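1. Following is a predicted model, sequence given first.
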Amino acid sequence: MHRKMAKVLIVGLGMLGMTGCIQQMLVDEQLASTSKAMPGINTVGDFEVARTSVYASLGTLEGLHRLSPDNAEGLFLLTKGWAGAGTSFIEDEWETAEDAGNETMAEYHRTRARAAYTRAVHYGVERLEQKADGFERARRNPEVMKRWLAAFEKEDVPSLFWTGYAWIARVGVSKDIPQLVRELGIGVAMIERVVELDETYEHGLAHVILGTFHARMPTAELDKAQQHFERAFQINQGRLLITKVQYARTLYCWKKDKSNYEKLLQEVIDAGDPLPTERLSNMISQRRAQRLLSDARMSRCGF
């Protein structure tokens, strides 16, 4: 009797183990399929539909991550997803609230954006450390960070890019938090490594980010900013509209060139659908261009 019970117990435990393996396999397959399907959202031109879809997918991805916490695809999708949601939708709501003069809602959405970027950074660093551990040590010293980043190759560009993107974007909504501002260079170093490995990723968006970084203030390196923007234009022929938006809001703004500021942003608004694979990104850039032409936004440039 005892032997029979022991056999039943062993078989039962074995079945439980198999069930766990099957569940893990199904989750991993779903994440792989989601990764292949994800670019489809970039072709959506309806802001409300896209926002609802992205928020819903983030909830699903968080659930799948709980079931498969070490899955590299899942970590990457969460990094990109939270970074994209922060820039495309939450910052849009922040800017809209600012323009409406609603300080309470503006601060609420700014805090939401910071939280989204922080979550993206968390997942991104976890993904990168699957390839090369030691990030916490590397972040304390620029030279050590440079050596740590040297471990990454072209295949790692997506994770490097979106982690660096989220890191820099978090600083952009946290200028009143000195600790985050002091660590801006970490995100910049990641994006610089992306340029070294594959400058064409996301249609040259890494150059746009670095151009914006170098033009972050009138005493910054405007010549370097110009070089990065020009290289981005060469890569995407101006069809990735964020290139023109960032050029206008930084270089033309600092140079007090109102005529070209207005001209370039109007080009964005009138561009139609120049890059169908990036329809969502371009539509959001067109919304931003509209806001940047408002009297309130233009007055910040001294126009």
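-> Happy to help now that I have it. Numbers count the residues shown, from 1 in each chain.

2. Identify the residue nearest the geometric centre of this structure.
-> residue 83 (3.5 Å; Cα atoms, centre = their mean).

3. Spit out the contact partners of that one.
-> Neighbour list for residue 83: 116, 117, 120, 124, 162, 165, 166, 169 [criterion: Cβ atoms under 8 Å, 6 or more residues apart in numbering]. Using the backbone N, CA and C atoms, a C-beta is placed for each residue, glycine as well.

4. Ok, residue 297 next?
-> Applying Cβ under 8 Å, 6+ apart, the residues contacting residue 297 are 99, 291.

5. change it to 10 Å
-> 95, 98, 99, 249, 253, 265, 288, 290, 291, 303 (Cβ atoms under 10 Å, 6 or more residues apart in numbering).

6. For it, give its distance to residue 256.
-> 15 Å (Cβ to Cβ, to the nearest Å).

7. Where do the strands of this structure begin and end?
-> Per DSSP state E, the chain has no strands. Nothing in it meets that criterion.

8. how about low-confidence regions in it?
-> Within the chain, the stretches with pLDDT under 70 are 1-23, 220.

9. Go again with 80.
-> 1-28, 33, 218-220 (pLDDT under 80).

10. Where do the domain boundaries of this structure fall?
-> 45-189, 199-271+278-302 (the TED database).

11. how about the ones you listed in JSON lines, adding distance to residue 36?
-> Shown next, in JSON lines, are those (distance: least, Cβ to Cβ, whole Å):
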{"stretch": "domain 45-189", "distance to residue 36": "10"}
{"stretch": "domain 199-271+278-302", "distance to residue 36": "17"}
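
12. what's the closest of those to residue 38?
-> Counting by Cβ to Cβ, residue 38 lies closest to domain 45-189 out of the domains of the chain; the figure is 6.6 Å.

13. ends of the closest one, how far apart?
-> One end of domain 45-189 to the other measures 33 Å (Cα to Cα, to the nearest Å).

14. so residue 137 touches residue 129, yeah?
-> No. Between residue 137 and residue 129 there is no contact under Cβ atoms under 10 Å: 11.2 Å.

15. neighbour-wise, which of these two wins?
-> residue 129 (14 against 11; other Cβ atoms under 10 Å).
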